[in-house]
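Trainee: predicted model follows, preceded by the sequence.
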Amino acid sequence: MRLYLGKLLRKVTNKHLFANQGHAELYLKYRPTYPDSLISRIIEYLHQGRVDNKPDGLAVDVGCGSGQFTRSLGQHFDRVIGVDVSESQLASARLVPRSNIEYLSGSGESIPVSNGSTDLITCAMCIHWLDFPKFCDEVQRVLKPNGCIAAFGYEMQCCRVNGKKVEKIEEAYNKLIQEKTKPYWTPNRKHVFNGYADIQLPFENNKRDNSHVINQEIMLSDFIGCIQSLSFYQSYIKDNPEEQEAAILFQQRVLEILGVDTPPHLTPVTMYLPVFMIMAQKPASQ
């Protein structure tokens, strides 16, 4: 059964989950970047419905956060607008300026661009937070004929070592991160768990592509920072200020398991996150 997100998500959508300046700084510093193959696939999909060779004009990145994916779009479009409800996130995004990128306050339910102006709308890890029927109306309004929407994300997973899973580290992750934060998982997260399988974008020709992977060699401290940037983790530490932070305990446990005496910022691990994506194209006749 296809699920159109609506009242269920409306109750738990809360821009204040992402409004804290410290949280925005964690986003900017630690959130992973999507692979080049992902944006190449989106651009390919956008072009396949065209009968002309006009350049790509405007892309709008809804829920842009601190602008990681927005900046990737800037390499492919004449103009890019990043939209977010959090002024703190927008302030972080503006710390990395690009001449053809603008960051505006707005939302998926009220996209601050004119009718029929947009070639591409992207939603990186945010569509499950939106009032979906209102968002679909906005997509219909702002996209040009043959314009596209792409929504994608990943489920946070345990770090690997030299690209391989380590059972004891997986066990520590489940105990210290998953179990402690589970009470703070909102109903929205089920759509992340199932890879947006229940979400049907407006327009009939929905296309799914789960072939991309975030596969990056990073330092353990960076992985810990990524955990700390998650909204449900922020809710957990807010409710447990006296408890030793779960991410720090996990970091210590990883160092013990690896049997190393290097500091976390010099201890390499692998971030391996399969990416799920759904795309749709507005018909030429609309």
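Mentor: Looks like it came in fine. Numbers count the residues shown, from 1 in each chain.

Trainee: by mean pLDDT, flag the weakest helix or strand of the chain.
Mentor: Within the chain, judged by mean pLDDT, DSSP states H and E, the helix or strand with the poorest mean is helix 7-12; its value is a mean of 36.

Trainee: going along the chain, name the strands of the stretch 101-250 of the chain.
Mentor: For the stretch 101-250 of the chain, applying DSSP state E, counting those that start in this stretch gives strands covering 101-105, 118-124, 143-154, 207-208, 212-219.

Trainee: list of residues touching the shortest one?
Mentor: Yep, that's strand 207-208 we're talking about. Contacts to strand 207-208, defined as C-beta atoms under 8 Å, 6 or more residues apart in numbering, come from residues 45, 276, 277, 278, 279, 280. Backbone N, C-alpha and C define where each C-beta goes, glycine included.

Trainee: that older thread, just send the strands of the stretch 101-250 of the chain back as a markdown table, with distance to residue 249, mean pLDDT and mean neighbour count too.
Mentor: Below are the strands of the stretch 101-250 of the chain laid out as a markdown table (distance: least, C-beta to C-beta, whole Å; pLDDT from 0 to 100; neighbours: other C-beta atoms under 10 Å):
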| stretch | distance to residue 249 | mean pLDDT | mean neighbour count |
| --- | --- | --- | --- |
| strand 101-105 | 36 | 98 | 18 |
| strand 118-124 | 29 | 97 | 26 |
| strand 143-154 | 24 | 96 | 23 |
| strand 207-208 | 37 | 96 | 14 |
| strand 212-219 | 18 | 97 | 16 |
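
Trainee: now those strands in CSV, with distance to residue 173?
Mentor: As requested, the strands of the stretch 101-250 of the chain are arranged in CSV below (distance: least, C-beta to C-beta, whole Å):
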stretch, distance to residue 173
strand 101-105, 34
strand 118-124, 23
strand 143-154, 15
strand 207-208, 28
strand 212-219, 15
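
Trainee: most neighbours among the contacts of strand 207-208, which one is it?
Mentor: residue 277 (24 neighbours; other C-beta atoms under 10 Å).

Trainee: list the residues that contact that one.
Mentor: Contacts for residue 277 (C-beta under 8 Å, 6+ apart) come out as 38, 41, 42, 150, 151, 152, 196, 208, 209, 210, 212.

Trainee: across the sheet, point out what pairs with the fifth one.
Mentor: This points to residue 151. Here residue 151 sits in beta bridges with residue 123, residue 278, going by DSSP bridges.

Trainee: from residue 281, how far out is it?
Mentor: Separation of residue 151 from residue 281 (C-beta to C-beta, to the nearest Å) stands at 13 Å.

Trainee: and the end-to-end length of stretch 153-164?
Mentor: Counting by C-alpha to C-alpha, to the nearest Å, you get 22 Å between the two ends of stretch 153-164.

Trainee: which other residues reach that stretch?
Mentor: Applying C-beta under 8 Å, 6+ apart, the external contacts of stretch 153-164 come out as 32, 124-128, 165-166, 169-170, 173-174, 177, 192-193, 195-196, 214-215, 220, 223, 226-227, 230, 254, 258, 269-276.

Trainee: list the buried residues of stretch 242-249.
Mentor: For stretch 242-249, the neighbour count (16 or more other C-beta atoms under 10 Å) marks 245, 246, 247, 249 as buried.

Trainee: what of stretch 80-92?
Mentor: For stretch 80-92, burial by neighbour count (16+ other C-beta under 10 Å) applies to 80, 81, 82, 83, 84, 85, 86, 88, 89, 90, 92.
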